[in-house]
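Engineer: my questions are about this predicted structure, shown below with the sequence.
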Amino acid sequence: MGQVQQQGSAILIDGGIAGQRLNLPLAIILTVSLVIAAIAPFDVGFVAVTFGSPVLRVMLMAALVMIGAWSASQVGLRLTASARSALIGAIGAILVAGYVVCIDCYLFRSVVPESYAQFFEQMPLGERFAYFMLRAFNENVIYRLFVFATALCLLSKLTRVGAREMAPIAILAVMVATQALNIGMNVTAFLPGPISPLVLTYEALRYVVPGVIWAWLFWRFGFLTAEIASVGCHLFLQPALGILL
């Protein structure tokens with residue numbers, strides 16, 4: 001049995017993954033992600049393992065958050081965001097939104113599925129804000145906090161090399177693999193028609209690159225910074241795509 005200790009405003013429960021400081025950043029992440037999971041699953045893998053049950057979704061999301069937070073603590077990743085890093089996240093949101101607009105509306109417009117373009121024509125902006133921002137928050141929880149942090153933790157323990165001492169190419173490989181897993185299951189698997197090299201290039205630039213940026217922001221500035229960037233990106237991206245796509 002773990003021991004419960006009071007330390008300031010945080011409660012520390014000693015013992016493994018349960019030994020998490022129940023501080024404000026973790027409480028925010030846990031609460032928001034559980035509410036979103038109760039509303040909708042969004043992720044294909046998440047749907048498959050929870051059988052359409054909101055209760056199972058909430059339970060699984062709670063486990064992913066706690067495991068991810070523990071893994072992050074093992075490799076020196078933090079959940080918090082300072083005022084400076086929050087500003088960096090906001091700037092990242094604007095820059096990535098502009099990048100995606102260039103990809104979708106100009107550089108790769110010819111390979112954008114027509115159903116994708118129609119989605120922006122038919123769904124009102126307010127509904128798109130809700131859909132994409134909620135989805136972005138829990139996508140970060142699943143693929144950055146859980147998958148990315150846990151993969152780094154396992155790699156660190158297997159190689160006996162601290163995560164901060166790993167070669168940058170190894171960290172980048174984990175970032176890319178994490179987002180490729182996400183996009184492979186949730187986007188590429190549902191593409192209409194044949195998957196050509198041009199389409200794969202579009203998928204990589206359109207979806208994998210932003211995910212790597214969110215992971216880097218987590219790595220460098222904290223998880224809430226990545227959430228500010230990923231979720232905030234849609235405040236700029238959704239109106240722009242509705243007009244230009």
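Structural biologist: Yes, it's here. Residues are numbered from 1 along each chain as shown.

Engineer: please make it C-alpha for all contacts and neighbour counts, starting now.
Structural biologist: Noted.

Engineer: can you give me the helices in this structure?
Structural biologist: Along the chain, counting by DSSP state H, helices occupy 24-39, 44-50, 54-74, 83-102, 114-122, 125-140, 149-159, 168-186, 197-203, 209-221, 223-244.

Engineer: ok, of these, where does mean pLDDT dip lowest?
Structural biologist: Mean pLDDT across those is lowest at helix 114-122; the value there is a mean of 89.

Engineer: neighbours of Ile28, just the number please.
Structural biologist: Look at Ile28: counted by other C-alpha atoms under 10 Å, it has 13 neighbours.

Engineer: let me redo that: Met123
Structural biologist: Met123 has 11 nearby residues by other C-alpha under 10 Å.

Engineer: what sits closest to the residue positioned nearest the centre of the chain if chain neighbours are left out?
Structural biologist: Central residue of the chain (C-alpha atoms, centre = their mean): Asn140, 1.6 Å from the mean position. Closest residue to Asn140 apart from its sequence neighbours, by C-alpha to C-alpha, 6 or more residues apart in numbering: Glu227 at 6.8 Å.

Engineer: what's the spacing between the one you found and Leu198?
Structural biologist: Glu227 sits 30 Å away from Leu198, going by C-alpha to C-alpha, to the nearest Å.

Engineer: so the two - more neighbours on which side?
Structural biologist: Neighbour count, other C-alpha under 10 Å: between Glu227 and Leu198, Glu227 has more, with 29 against 11.

Engineer: any idea how far Ala72 is from the more buried one?
Structural biologist: 15 Å.

Engineer: now swap in His234 and tell me
Structural biologist: His234 is 26 Å from Ala72, by C-alpha to C-alpha.

Engineer: do the same with Ile103
Structural biologist: 32 Å.

Engineer: which of these two has more neighbours?
Structural biologist: Each of Ile103 and Ala72 has its neighbours counted (other C-alpha under 10 Å); Ala72 has more, 26 against 17.

Engineer: which residues does the more buried one contact?
Structural biologist: By C-alpha atoms under 8 Å, 6 or more residues apart in numbering, the contact list for Ala72 reads 78, 145, 149-150, 153.

Engineer: go on, Ala93?
Structural biologist: Ala93 makes contact with 228-234, 236 under the criterion C-alpha under 8 Å, 6+ apart.

Engineer: and with 10 Å instead?
Structural biologist: By C-alpha atoms under 10 Å, 6 or more residues apart in numbering, the residues touching Ala93 are 87, 99, 210, 214, 226-237.
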